[in-house]
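A.B. asks: what's the 3D shape of this:
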Amino acid sequence: QIINELQKGGFDFDKNAYIESLVNTSVLILDDLGIERDTSYAKEQVYNIVNNRYLKQKPTIFTTNLSYDTIQNCKDSVEYQRIYSRIIEMCIPVMVVGEDFRKVIQKDKLNRNRDRLLNGGERS
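C.D. replies: Model (predicted):
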């Protein structure tokens with residue numbers, strides 16, 4: 001969403017002020033790290049935010065579906081290596097395990113609506 005905000009901002013949108021607000025907020029949560037667009041621009045903006053928060057020692061929470069091993073042993077672009085290197089130093093990893101709740105919900109919906117899906121019945 002951050003990258004979308006930066007790219008859709010019009011002429012009166014101050015991108016630097018927006019980035020500064022993210023850098024200076026007391027706590028920042030970056031959700032789903034690793035799914036941002038794989039463009040130089042996106043990686044540069046993520047790096048700028050992460051690096052500046054790193055330098056200012058600001059608390060930052062990252063969520064990702066990437067494994068710790070993938071982050072630690074990144075073989076992708078140098079930009080990702082730089083981002084992940086800072087994240088590893090900044091953070092204490094917490095592994096959340098369990099079934100994907102979206103899959104559980106989907107399975108429940110499928111079971112409840114099996115008749116409708118197979119026979120054109122009413123939705124349950």
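
A.B. asks: what's the neighbour count on the nearest residue to V27 once chain neighbours are set aside?
C.D. replies: Ranked by C-beta to C-beta, 6 or more residues apart in numbering and with sequence neighbours excluded, the top spatial neighbour of V27 is P59, at 4.8 Å. (C-beta placed from N, C-alpha, C; glycine too.) The number of residues packed near P59 is 12, by other C-beta atoms under 10 Å.

A.B. asks: again with L118
C.D. replies: L118: 8 neighbours (other C-beta under 10 Å).

A.B. asks: Please apply the same query to N113.
C.D. replies: If you count neighbours by other C-beta under 10 Å, N113 ends up with 14.

A.B. asks: returning to what we had before: identify the residues contacting the residue nearest to V27.
C.D. replies: Neighbour list for P59: 26-28 [criterion: C-beta atoms under 8 Å, 6 or more residues apart in numbering].

A.B. asks: Could you measure from it over to T25?
C.D. replies: 10 Å (C-beta to C-beta, to the nearest Å).

A.B. asks: where do the strands sit along the protein?
C.D. replies: 28-30, 60-62 (DSSP state E).

A.B. asks: For the first one, what does the pLDDT average out to?
C.D. replies: Mean per-residue pLDDT for strand 28-30: 93.

A.B. asks: Check which helices and strands it sits against.
C.D. replies: Strand 28-30 sits against helix 40-55, strand 60-62, with contacts defined as 3 or more C-beta pairs under 8 Å, 6 or more residues apart in numbering; DSSP states H and E.

A.B. asks: Would you mind listing the outside residues contacting that strand?
C.D. replies: Identification of contacts with strand 28-30 by C-beta under 8 Å, 6+ apart yields 2, 22, 46, 49-50, 53, 58-63.

A.B. asks: distance between that strand and the chain's centre?
C.D. replies: 9 Å (C-alpha atoms, centre = their mean, to the nearest Å).

A.B. asks: Fine by me, thanks again.
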